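Enquirer: Model the structure of this input:
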Amino acid sequence: MPPVHMFGRQWRISSDDFVCPALTELVVRVGWIVMVVFVIVFHLMEAANLECLGAEYHLTTYYLGITVGLLVITCCNSGLLAAHSARGKIFEQTSTPHPRRHVEKLLYLNIFLTCGEFIWTGIGTYFTINDFINCIDQTHERTVIVAVLVIIGLSYILLIIKLLIVAFSFRPYAKVKPEEQLELLGGEVRDKVTRQETELNYKGLRCMAPCTNDEDAIQAFRDIASLLSKIFVDKDLVPSDIVAGLVLLNHKHTRDKERVRVTQGGEVKGVVGTTLWDRMGVEVTRVVDTTDVSLKVVAESSRIQLDWEQIKHFHQFASAAYGYWWYIIQSPLGHCCSLGAYLNCCPALCCCRQKQEMMVEGDGFFHPNLAAIRCQLDVKEEDILMFDNRNRIEEVPFFLVADRSTKSLVVSIRGTLSLHDMLTDLRGEPGKMADESVKGVNVDWHGHQGMVNAARYVYRRLHGMETGRDGGKEGRCSRRDLLGLALATPDYAGYSIVVTGHSLGAGTAAILAFLLRARYRGTKVTCYAYSPPGGLISREAAVESEKFTVSVVVGDDVIPRTSLANIATLSRDIKHVTSQCQLPKFKILGYGCMAACCSTSNTPISGELDRLFPGSGVSSPGDSSTDGSHRELLIEEASSILPTNPDTLSSFPSMYLPGRILHVEDIHSANSFTVSEVHRTAFSEILVSPRMLSDHLPNHLDKVFQATPDTQHILPVTV
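Expert: Below is the predicted model of the structure:
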């Protein structure tokens, strides 16, 4: 529902958002009426004993009586507001008269009553505190006064809650202009509002680091602010509309997934392939994508081999990069005991201090993160060549270790674990991976800007180059080409390079692998990316990365599906389902809560989904009446609803996951998993699911790898 227009501006709340708040206020105030009536009765019964009040006894009686009157009027207003807010469906664009046309009038009345209540409560506070002071020595007589003070305190709490709702609902730069003025100014007004909101976002982000003067960090703040203004460009959707749309999409995804398991045996969506040329050593894949329906021919011999045992093995390094914090919370007592044996308990000794300063930076006094790495990987201290735990925007912690079991030098990069990492994640606009000075990396290849900069930072640190962020104050050990020296060391002769990480670390590792392959042409460079973020690299770079990168995605993990294009698609889907849904919003949210608490899917939402998405998830991929074709029709319908603003997320080029992608799914009602290779377009939409966040956590990946054998069969891309 479009936001309400009050006091000459739009707000982040719509006219159908007041059902639950108004009913809650109604129930609370009815309870208060009962309490005040009891207080009045007790007050009149104890009139003879209230000598300490003197003439103010009658004032207290009047105050309580008027308070009851205000509560009754407010209850009537809340009841009418809830009744009118519950009328109609979410979007009522064609109804005349509008079923919720009286909501704004009732809101003005509610605001007037709230202001009157605030003034009356202030007056009552003054007189009641004065009465309490006069009767301070009379315990029995203070009972009524204390009861009145409790009612006044509850009134203040309710008023504060209302003020917070107003504050969160306030939308800056949202003044409502006359239609004629909008038509004359058009894009000029929209651009001005976008600039103002971008500047507001920038000021909010600068509050996180108000003292920084680093030009790169300031530019990152500005890019993130601009991106946020494009993400929230649709002013017709309020937060409750988004929640209702997510509830509907979650029910649709759950229903489709169950039907796929029953009727299709878990067939992969978005991929149609053939194996006619398998004997020729060539794989032919027809990609179902609205932007590219061409045939892509990839020589199988040039692609990286899928070895599940290796994938499981290097996940230990990606998980170890999170350090002691994540290691301890998995098993606080047991892991604390095992961690103690690896702590640097004598940092004052010269021999220990000199040796560890050569490889450890930013890990505190006792080096707890380094201890956690050694504890998890069970490697010798001399095999840990470098550990940099410093963390700023676009500067991620990582370590370099020699893995003697696989004869490889492993660069493991930590995932998101701090506010700086989150800001790096948010800088998601495409940027060039390298310029003309880097041979072997196409200048037309693009990647996630924040992770491109993070990969460049790790690359410079590995080779002792200046990062440009410390003003040339790096230590002497920081200027050493540790990776190059390690490859030239006889102990590590013939070793390959493996880059790995989880989440943010996976995205950074995938881009870093491009840079390392360009520098070390005679050395094998491999990347294992666990739960990498979506929208990471451009199409051409994604095809090239199939030669050396493997990405692993578990279940309904939302991060590999979160790209700028997918966010735009999700916004369009939410706009469509909410505009076409016939159920009122409060029923959608109520049934959604009931389904989550009672684990039931038999709700009226299921019937509404059958109307919105007939036959979804049932037919075969080749059927013209499938959900895919119906979805295209829905997209066309939704396109006419969305505002035509060229400065949106749709203006960014499509970005994809890197390398060969393995999708791990659990088998229904069994503690086992299936692993299948899928095409990158299988993650072209965000799936709304209760597991969309939990499937991303590193400890969940640990459970998955522990439950799968080293010889786990990997299903190929099939028809």
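
Enquirer: Low-confidence regions, the stretch 1-150 of the chain specifically.
Expert: 1-2, 46-58, 93-95, 131, 134-144 (pLDDT under 70).

Enquirer: what number of residues lie near residue 419?
Expert: Using other Cβ atoms under 10 Å, residue 419 has 12 neighbouring residues. (Glycine included, C-beta is placed from N, CA and C.)

Enquirer: Could you list the low-confidence segments of the stretch 151-300 of the chain?
Expert: Those would be 173-194, 196, 201, 205, 208-209, 211, 213-214, 216, 227-235, 260-299, if you go by pLDDT under 70 across the stretch 151-300 of the chain.

Enquirer: If you could redo that for the stretch 501-650 of the chain, that was the one I meant.
Expert: 595-603, 614-650.

Enquirer: what about the helices in it?
Expert: Taking DSSP state H, counting those that start in this stretch as the test, the helices found in the stretch 501-650 of the chain are 504-519, 539-545, 564-580, 585-598, 604-612, 627-639.

Enquirer: Comparing these, which comes out most buried?
Expert: helix 504-519 (a mean of 28; mean count of other Cβ atoms under 10 Å).

Enquirer: Could you report the neighbour count for the residue nearest to residue 569 when sequence neighbours are not counted?
Expert: Among residues not flanking residue 569 along the chain, residue 685 sits closest, at 5.7 Å (Cβ to Cβ, 6 or more residues apart in numbering). When neighbours are counted by other Cβ under 10 Å, residue 685 registers 19.

Enquirer: Residue 431 is in what secondary structure piece?
Expert: strand 430-432 (DSSP states H and E).

Enquirer: Describe which strands that strand pairs with in its sheet and in which direction.
Expert: strand 446-448 (antiparallel) (DSSP bridges).

Enquirer: How far off centre is whichever helix or strand comes after the partner strand?
Expert: Counting by DSSP H and E, the next helix or strand C-terminal to strand 446-448 is helix 449-462. Centroid separation for helix 449-462 versus its chain: 23 Å, with Cα atoms, centre = their mean, to the nearest Å.

Enquirer: helices or strands up against helix 449-462?
Expert: For helix 449-462, the packing partners by 3 or more Cβ pairs under 8 Å, 6 or more residues apart in numbering; DSSP states H and E come out as helix 215-231, strand 384-388, strand 398-403, strand 408-413, helix 419-426, strand 430-432, helix 504-519.

Enquirer: mind putting the ones you listed in JSON lines, distance to residue 714 included?
Expert: Below are the helices and strands packed on helix 449-462 laid out as JSON lines (distance: least, Cβ to Cβ, whole Å):
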{"stretch": "helix 215-231", "distance to residue 714": "36"}
{"stretch": "strand 384-388", "distance to residue 714": "32"}
{"stretch": "strand 398-403", "distance to residue 714": "23"}
{"stretch": "strand 408-413", "distance to residue 714": "21"}
{"stretch": "helix 419-426", "distance to residue 714": "29"}
{"stretch": "strand 430-432", "distance to residue 714": "31"}
{"stretch": "helix 504-519", "distance to residue 714": "19"}
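
Enquirer: out of these, which comes closest to residue 311?
Expert: Closest approach to residue 311 among the helices and strands packed on helix 449-462 is made by helix 504-519 (12.4 Å; Cβ to Cβ).

Enquirer: and the angle for that closest one with strand 408-413?
Expert: Relative orientation of helix 504-519 and strand 408-413, computed by axes from the mean of the first three to the mean of the last three Cα atoms, to 10 degrees: 130 degrees.

Enquirer: need the contact list for the closest residue to residue 400 other than its chain neighbours.
Expert: In space, and not counting its chain neighbours, residue 400 is closest to residue 386: 4.1 Å by Cβ to Cβ, 6+ apart. For residue 386, the contact set (Cβ atoms under 8 Å, 6 or more residues apart in numbering) comprises 359, 399-400, 461-462, 482.

Enquirer: Per-residue pLDDT of residue 386, please?
Expert: pLDDT, residue 386: 90.

Enquirer: And the one 4 residues further on, by the same measure?
Expert: According to the predicted model, the pLDDT of residue 390 comes to 90.

Enquirer: would you say it is within a strand?
Expert: No: under DSSP: H, G, I helix; E, B strand; the rest coil, residue 390 sits outside any strand and is assigned coil.
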